[in-house]
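Q: mind folding the following:
(2 chains)
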Amino acid sequence: MDKKPIIELINISKSFPGVQALADVNLSFYPGEIHSLIGENGAGKSTLIKILGGVYKKESGQIFIRSEECEIEDVTHAQSIGISVIHQELSLIPDLTVMENLCLGIEPTVGRSVFIDKTAMRNTALEIMEPLGLIINPHAYIRDLKTADRQMVEIARAVSRNAAMVIMDEPTSSLSSREVSTLFNIIRKLKSNNVGIIYVSHILSEVLSLADKITVMRDGRLIRTLDACDADEDILVRSMVGREIKDYFNKKDKEIGDVILEVRNLTREPHFSDVSFDLRKGEILGISGLVGAGRTEIIRAIFGSDKFESGEINLWGKKVDILSPQKAIELGLGFVPEDRKLEGLMLEASVRHNISLPSIRSTARRGFVDNKWEIDICKEYINKLKIHTPSNNTISKSLSGGNQQKIVVAKWFAARSKILLLDEPTRGIDVNAKSEMYSLMNNYTKDGGSIIMVSSELPELLGIADRIVVIRQGEISGILDRKEASEEKIMMLESVLKNTRKELVP
Amino acid sequence: MNNEKIFFEKFKEFLKNQPLVFILIGLCIIISSVSPVFLLPQNLINVLIQISINALIATGMTFVIISGGIDLSVGSVAALCGIVVTAIIQPYVDISIPLTVTLMVVLSIIVGLIVGGINGFAISRLRVPSFVATLATMNIARGFAYVYTKSRSIYGLPEAFGWIGQGYVGPIPVIVIIVLLVLLTAHIILSQTVFGRYVYAVGSNEEVAKLCGINVKNIKLKVYIISGILSAFAGACLASRLITGQPTAAQGYELNAIAAVALGVGGMSGGKGGIGKTIQGILIIGVINNGLNLMKISSYWQIITMGVIILGALIIGQFEKED
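A: Numbering: from 1, shown residues only, chains lettered A, B, ... in the order given. Predicted coordinates for the structure are as follows:
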């Protein structure tokens, strides 16, 4: 390409505690080019986008914008130099109309007064939407629009602010296939207007049909950049994987017993439908799938915190109605949610109060908390799980992510749960804490407990799970045994669309 | 030397954890230097009587605020219950003290159950924000008090009715004993029982509480009922102290109670605080008001002071959050 790049990245690095998120990334983005970034969760795509969008700051390396070195200070600065990021969560104001959103911050006024010129605003909005071929009523409220239309408005707004570079993070995750093709038309229009596009997606078929260039990332590094015409799904999948699994999973030999939990035809439209699987005593059952495939919703339904429409759950051979988490806990289930800070932990409460919460009632005497039991059980699990805390009275907020996660797990150990449902149990914790978490899980199952674990990290699932259920768009697309599972197979089951799936799975 | 250092460190620690104790002592020193009357036993007992109604209401408010809510209806509930109690007791000239007390308690429970139940139901089941729900019941309860009395006060109550509000056991006012018992019970419930722990859990993080098997709706309902009953009882006690049923009684008392709790906790974000903290808040407010009285400063200034206290407490709480 003879054009000059809009953005040139040289040796960009960024690390978070315990993780090298980006290491020496060199990339150039050109005007009029659709450049797709792909990679597993945690490969560093999001970090890269956030650095370009001004959310994070790079640690080292240089960024050149139109051949001039530039430090991206913050989000506003990124926008002012022509970089617009369209995140998965949209940033429109739902209670304003389309035109008000499009003109937010640049409202036309009547003369020099403070009054808004509605006609001018409407015309501006139409001028913004017209070249993109958007037909949306400028007076409609955002909250009344379909997700796809909102996304279009968002894109229109991004482009209207003279964006030279539009970055899209998984824009199709909540769109239907027809809406996707509308979106693609708009992206192609942008391209013909010489706007550069960075397109992040998990769905390989989309990437292949849309992108000019594809860059594969893994573990914060660039693996390869290739022209879309030279790529196919096999090549991409193979580049995305290809890592040795370290033995930090502490996998031990153990006996797997009888089926204790049967899930039959569990359905909750539109999140998941007809989901059936078994869990055995001593087993770690992994659930894999893309973000938004319905994994979390399934285990939340099993735990009784979300309702489901049809299907049944059998526990120890008996049909059970789990209508609330309370009931699930009585039946011996425990749930470690995905978002530790929002759903897992009372951050302002002490370690002790957090650990004992699910079990204080069953151990109480006439409604009074059994203080001796509480202190004993907390000390026991602080020791067993090696929770680093000054005391059991310490406020949980002050501990590290890994220790906080151990507290969330400890409360279910303290409650003597027989089945643990873990949703992304190692998210946001460092490598050592991860390894400790794996050995906890292994010891727990060795002692007869069972685990269902949702994870987005394939190496983790392959390293620790005995079987892996793969979910795609709310349905089970395959159940793989530990021996036959591989990253390639899982990724195919996750991301390849229904009609093409059969030919591609070896 | 070393010992001194340790003592100094401990002192600093205590100061950091219990700043209100020092504010309280400081206030007492300032007020007693301006007005020597302040430290006389009679005045101190006066302070206790003056804060007793607020203490009852603030105890219920403590439950509500720990659970992450707010109850604006307390003052109106107090007025309504004062009316109900006086209206029912008025005809019985020769009623005995035990029967009066029983009636007051039973009627308080009934009024508190009804209004608190409506609050709790609207907030927990219908998901109305607590601020809005209790604002509505605040007006409804006050309205009923006016409608029933046609905005006239109820006088001519039997002598026995004044025992709770004006009576003494030895040198100690009956109302002060009652308040101490209520505070102690509330403290035990909040700090020692499973229910108390659940109230903190709900206020700390509702989602966590739900996922740990706590019936969040049930806890919220109970919290507003407790607040309803305690404020209704406070209203009965206030009527007994004045030996009158007034539909205008306890106007603005919600503000005093919220100020006491917010001051004690340093904010009202839920999951934090306790009866101990609330007592400190109540005492500070009581001492300030008494001081203003002794210095013959207009009672309107007390309203301004209360607003400043709430604002100050919330600002301090905000700073702590950011740390």
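Q: got phi/psi on the spatially most central residue of chain B?
A: Nearest to the geometric centre of chain B sits B:Ala58, at 1.8 Å (Cα atoms, centre = their mean). With angles defined as degrees, to the nearest 10, B:Ala58 sits at phi -70, psi -30.
Q: is it true that it touches B:Leu283?
A: No: using Cβ atoms under 8 Å, B:Ala58 is not in contact with B:Leu283, being 10.8 Å away. No exception for glycine: its C-beta is placed from N, CA and C like everyone else's.
Q: ends of stretch A:160-180, how far apart?
A: Counting by Cα to Cα, to the nearest Å, you get 21 Å between the two ends of stretch A:160-180.
Q: show me how far that stretch is from its chain's centre.
A: 17 Å (Cα atoms, centre = their mean, to the nearest Å).
Q: mind listing what's buried in it?
A: A:160, A:163-172, A:175, A:179-180 (16 or more other Cβ atoms under 10 Å in any protein chain shown).
Q: list the helices and strands the helix or strand where A:Glu494 lies packs on?
A: Assigned by DSSP states H and E, A:Glu494 belongs to helix A:487-495. The contact analysis (3 or more Cβ pairs under 8 Å, 6 or more residues apart in numbering or on different chains; DSSP states H and E) places helix A:487-495 against helix A:233-240, strand A:284-289, helix A:458-464, strand A:467-472, strand A:475-481, helix A:498-504.
Q: flag the shaky bits of the chain, pLDDT-wise.
A: No chain specified, so I'll use chain A. A:1-2, A:17-19, A:41-42, A:88-90, A:173-177, A:242-248, A:250, A:428, A:430-431, A:496-506 (pLDDT under 70).
Q: that answer is for a different chain, and I need it for chain B
A: Scanning chain B with the threshold set as pLDDT under 70 gives B:1-2, B:15-16, B:317, B:320-323.
Q: show me what contacts the residue found closest to B:Gly228 once you drop the neighbours it is linked to in the chain?
A: Nearest residue to B:Gly228, sequence neighbours excluded (Cβ to Cβ, 6 or more residues apart in numbering or on different chains): B:Gly116, at 2.2 Å. B:Gly116 makes contact with B:77, B:224-229 under the criterion Cβ atoms under 8 Å, 6 or more residues apart in numbering or on different chains.
Q: likewise for A:Glu475?
A: Neighbours of A:Glu475 in contact, by Cβ under 8 Å, 6+ apart: A:272-275.
Q: swap the cut-off to 7 Å and go again
A: A:273-274 (Cβ atoms under 7 Å, 6 or more residues apart in numbering or on different chains).
Q: against A:Met152, how distant is it?
A: Relative to A:Met152, A:Glu475 is positioned 28 Å away (Cβ to Cβ, to the nearest Å).
Q: same question for B:Lys150.
A: Distance from B:Lys150 to A:Met152, by Cβ to Cβ: 63 Å.
Q: who has more neighbours, those two?
A: A:Met152 (23 against 7; other Cβ atoms under 10 Å in any protein chain shown).
Q: surely that one and A:Leu134 touch.
A: Yes: under the contact definition of Cβ atoms under 7 Å, A:Met152 touches A:Leu134, with a separation of 5.4 Å.
Q: show me the helices in the stretch 151-300 of chain A, by range?
A: A:177-192, A:204-210, A:233-240, A:295-302 (DSSP state H, counting those that start in this stretch).
Q: could you look up the SS state of the residue lying closest to A:Val98 once chain neighbours are set aside?
A: Leaving aside its sequence neighbours, A:Val98 sits nearest to A:Pro138 (Cβ to Cβ, 6+ apart; 4.9 Å). Assigned by DSSP: H, G, I helix; E, B strand; the rest coil, the conformation of A:Pro138 is coil.
Q: look up how far chain B lies from A:Pro138.
A: From A:Pro138 across to chain B, the span is 33 Å (Cβ to the nearest Cβ, to the nearest Å).
Q: dump the residue contacts of that residue.
A: A:97-99, A:122, A:125-126.
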